[in-house]
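In: the following comprises the amino acid sequence and a computationally predicted model.
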Amino acid sequence: MAFESLSGRLQNVFSKLRGKGKVSEEDVNEAMREVRLALLEADVNFKVVKDFVSKVKEKSIGKEVMNSFTPGMVIIDIVNKELTELMGGSQAKLAKSNKPPTVIMMAGLQGAGKTTTSAKLAKLLQKGNHRPLLVAADIYRPAAIKQLQVLGEQIKAPVFSLGDQTSPVEIARQAVQHAKDNGLDYVIIDTAGRLHIDEELMEELKQIHSVVSPDEVLLVVDAMTGQDAVNVADSFNKQLALTGVVLTKLDGDSRGGAALSVKAVTGCPIKFAALGEKIDALEPFHPERMASRILGMGDMLSLIEKAQSNIDTEKAKEMERKMRNAEFTFDDFLEQMDQVKKLGPIDQILEMLPGMNKAKGMKDLKVDDKQMGRVEAIVHSMTKNEKQQPEIINHNRRKRIATGSGTSVAEVNRLIKQFDEMRKMMKQFSGMMGGGGKGAKNA
Ligand code: GDP
C-alpha cells in the first residue's frame, strides 16, 4: 500500500497532539522531531526534510495555534497544507496544443515502466474522448515494439511503428505527420531507455525533441527506487527540460520519498501516478489529495471520480431505490461487489476513505481480493430462495452453504450477520431521508 509506513508514523505523531487542549512549544518541538524522523525514514531528500520541518515549526509556534481550542488539529492542517505545497500545490495538468496533435515524449530508464505508462496514458486520454497515437520509437530493447503493439491492441489505440531499422528521430517525425493526416489528437512517443543515463541516449532524445517540438516531455520514474528516482529526474531535467514526471509503482512504495521530493528537488511537477500493472492503473496526480491520503484523511474526491467513470449509473440508481425500500437481497449484494471491484484493488479503495487506515483493527484487517472471493463463494452457494429471503437460512442451511463454498460455518454466520446489519442500517437511512428520499440528486 502506498505510503503505508510514513502514513502510520505521521498519524501516530498527530494522534498524540490531537487529544491536547493546549499545546506547548515543547510539544510542537517533540512532534516536529518525530515528523523529521518519519520523513527521513521515508527516504525524503535530506534538504527537503529540513526546509519542510522548519516551515511547519515556524507556523505551528505562532499565536494562532497556541490560542486555538484545538491546537492539534490546527497543526495537522498546517502539515497538510505544507505537504500539498511540497508536492506542487495544485494539480499540474497535461498540456493541450491549440494545433493538434499534442505531442508527448516519454522518457525514462529501462524498467521504470515507460512503455506500460505510454499505453496507460493513451487509455486515460481515450476516456476523455481523445484519439491518441502510440509511437514505437524504442528500437533497441528487443521486445519493446511488440510490447507496445500488444498494449495498443488491448486498448484499441493505433500504434505507429517503422520496425527497428529506421532511426527513432525519423519514426517520431513521421508519426506526428501520420497523426495529422488521420485526425489523431495526441501523439505519445515511447522513446528508448537505458540502464543508466548516458550521452548517446540524451543525444537521441534531444534530436527527437528538436524535430517534433513536444508539448510535453514526461519522465517516467520508478517510485520504489526512492532518492535514485529523484536523482534521475534531476539529471534528465538538466539536459532535457522536462515538463512533468510520472511516478510509477506507487502501489509497491510504502515509503513515499520520491513522491515527496521530486517537485522540491527538480522543480518539475508530478503529473501522473501509476498504482499497478493493470492498464487503467494511472491517475492524474493531485498533491492535495495525496497529502490528505498520507495523513489518513482519505481521498473521497478521487474515489468519487473513479466511481463516476466506472460505475453504471442506471444500475446504481436502481440499487439506491432498493436500498431505500429495504429490498436489498444477496443477489444485489453480489452485484454491488462486482461494481466495487471495477474501482480497483479493494485495499486501494479503502485507503481513500477518511479515517480508514486509522480505524481500530483496520491495520490487521486484510481486506483483499482473495477474501472478497470467499464472500462471493458463500453467496454463490446459496439457493435462489435463500438469496432473496436471507431470513430462511437456518443452522442446517448454513452448514450446507459452508461446505458448498469451502468455507466455515463461522464465516457464513459472520457474513449473514453483517448483511443483516447492513439492511438495518439501510432502513434507518431511508427513514432519515423520509423514505421517498431526495438522495444524491445534486451529486
Ligand atoms: P520500460 O522499460 O520503462 O518501458 O518498462 P515497462 O513498461 O516494460 O515496465 C517494466 C515493468 O514494470 C513491467 O513488468 C510493468 O508491468 C511494471 N510496471 C509498470 N508500471 C507499474 C506500476 O505502476 N506498478 C507496478 N506494480 N508495476 C508496474
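Out: Alright, I've got the coordinates.

In: so which bits of the chain are right by the ligand?
Out: Those residues of the chain that sit near the ligand, judged by CB under 6 Å from any ligand atom, are 108, 110-116, 193, 248-249, 251-252, 274-277, 281. Quick note: C-beta positions are derived from backbone N, CA and C, even for glycine.

In: let's see 5 Å
Out: Proximity of the chain to the ligand (CB under 5 Å from any ligand atom) is limited to residues 110-116, 193, 248-249, 251, 274, 276-277.

In: now pLDDT, secondary structure and neighbour count too, for the residues you listed, in a markdown table please.
Out: Output for these, formatted as a markdown table (pLDDT from 0 to 100; DSSP: H, G, I helix; E, B strand; the rest coil; neighbours: other CB atoms under 10 Å):
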| residue | pLDDT | secondary structure | neighbour count |
| --- | --- | --- | --- |
| Gln110 | 91 | coil | 15 |
| Gly111 | 92 | coil | 15 |
| Ala112 | 95 | coil | 26 |
| Gly113 | 95 | coil | 23 |
| Lys114 | 96 | helix | 26 |
| Thr115 | 96 | helix | 27 |
| Thr116 | 96 | helix | 22 |
| Gly193 | 86 | coil | 21 |
| Thr248 | 96 | strand | 30 |
| Lys249 | 95 | coil | 22 |
| Asp251 | 89 | helix | 21 |
| Ala274 | 96 | strand | 25 |
| Gly276 | 93 | coil | 18 |
| Glu277 | 94 | coil | 12 |
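
In: among those residues, which one lies nearest to Asn182?
Out: Taking CB to CB as the measure, Asn182 lies nearest Thr115 of these, at 22.1 Å.

In: what sits against the closest one?
Out: 138, 144, 147-148, 151, 190 (CB atoms under 8 Å, 6 or more residues apart in numbering).

In: what's the domain layout of the chain?
Out: 4-86, 102-297, 303-432 (automatic domain parsing).

In: over to the second one now: how far is its first residue from its last?
Out: Just to be clear, that refers to domain 102-297. Domain 102-297 has its terminal residues 36 Å apart, counting by CA to CA, to the nearest Å.

In: chain center to that domain: distance?
Out: 17 Å (CA atoms, centre = their mean, to the nearest Å).

In: now the strands: where do they sit in the stretch 151-300 of the chain?
Out: 159-160, 186-190, 216-222, 244-248, 270-274, 282-284 (DSSP state E, counting those that start in this stretch).

In: now for the last one, which elements pack on it?
Out: Applying 3 or more CB pairs under 8 Å, 6 or more residues apart in numbering; DSSP states H and E, we find strand 282-284 packed against helix 114-127, strand 270-274.

In: just say which of those is most tucked in.
Out: strand 270-274 (a mean of 24; mean count of other CB atoms under 10 Å).

In: partner strands of it, with direction?
Out: Note on strand 270-274: by DSSP bridges, its sheet partners are strand 244-248 (parallel), strand 282-284 (antiparallel).

In: in the sheet, who's paired with the residue in the stretch 201-350 of the chain positioned nearest to the ligand?
Out: Using CB to the nearest ligand atom, Ala274 is the residue of the stretch 201-350 of the chain that sits closest to the ligand, at 3.2 Å. With DSSP bridges applied, Ala274 shows beta-bridge pairing to Leu282.

In: tell me if I'm right that it and Thr248 touch.
Out: Yes. If you go by CB atoms under 8 Å, Ala274 and Thr248 touch, sitting 4.1 Å apart.

In: so what sits against both of these two?
Out: 113, 116-117.

In: in CSV: the helices and strands packed on strand 282-284, plus distance to Asp222.
Out: Formatted as CSV, those follow (distance: least, CB to CB, whole Å):
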stretch, distance to Asp222
helix 114-127, 10
strand 270-274, 10
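
In: Leu134 is nearest to which of those?
Out: Closest of these to Leu134 is helix 114-127, at 5.5 Å (criterion: CB to CB).

In: and the helix or strand just after the closest one, what does it pack onto?
Out: Using DSSP states H and E, the helix or strand that directly follows helix 114-127 along the chain is strand 132-136. Secondary-structure packing of strand 132-136 (3+ CB pairs under 8 Å, 6+ apart): helix 114-127, helix 144-155, strand 159-160, helix 168-181, strand 186-190.

In: out of the ones you listed, deepest packed?
Out: Highest mean neighbour count among the helices and strands packed on strand 132-136 (mean count of other CB under 10 Å): strand 186-190, with a mean of 28.

In: what comes into contact with that one?
Out: So strand 186-190 is contacted by 100-106, 114-115, 118, 121-122, 125, 130-138, 144, 148, 172, 175-176, 179, 208, 212, 214 (CB under 8 Å, 6+ apart).

In: mind listing what it pairs with, with the direction of each?
Out: strand 102-108 (parallel), strand 132-136 (parallel).

In: got those strands as JSON lines, with mean pLDDT and mean neighbour count columns?
Out: Below are those laid out as JSON lines (pLDDT from 0 to 100; neighbours: other CB atoms under 10 Å):
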{"stretch": "strand 102-108", "mean pLDDT": "97", "mean neighbour count": "26"}
{"stretch": "strand 132-136", "mean pLDDT": "98", "mean neighbour count": "27"}
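
In: quick revisit: between the residues of the chain next to the ligand, which sits nearest Asp43?
Out: Lys249 (14.0 Å).

In: wait, the closest one touches Ala274, no?
Out: Yes. Between Lys249 and Ala274 there is a contact at 6.7 Å, judged by CB under 8 Å.

In: what's the overlap in contacts for these two?
Out: By CB under 8 Å, 6+ apart, Lys249 and Ala274 have these common neighbours: Gly113.

In: picking up where we left off before, got the helices and strands packed on strand 132-136 as JSON lines, with distance to Lys322 columns?
Out: Listed next are those as JSON lines, based on distance: least, CB to CB, whole Å:
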{"stretch": "helix 114-127", "distance to Lys322": "29"}
{"stretch": "helix 144-155", "distance to Lys322": "34"}
{"stretch": "strand 159-160", "distance to Lys322": "44"}
{"stretch": "helix 168-181", "distance to Lys322": "47"}
{"stretch": "strand 186-190", "distance to Lys322": "41"}
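
In: nearest to Thr266, out of the ones you listed?
Out: Of these, nearest to Thr266 by CB to CB is helix 114-127, at 17.7 Å.

In: separation between the nearest residue to Lys180 once chain neighbours are set aside and Gly128?
Out: Sequence neighbours aside, Pro101 is the residue nearest to Lys180 in space, at 6.5 Å (criterion: CB to CB, 6 or more residues apart in numbering). For Pro101, the distance to Gly128 equals 14 Å [CB to CB, to the nearest Å].

In: who's more crowded, those two?
Out: Between Pro101 and Gly128, counted using other CB atoms under 10 Å, Pro101 has the larger neighbour count: 25 against 10.

In: ok, now which ones touch the closest residue to Ala137 other than its chain neighbours?
Out: The shortest distance from Ala137 to any non-neighbouring residue, by CB to CB, 6+ apart, is to Pro168 (4.2 Å). Residues in contact with Pro168 (CB under 8 Å, 6+ apart) are 137-139, 191-192, 204, 208.
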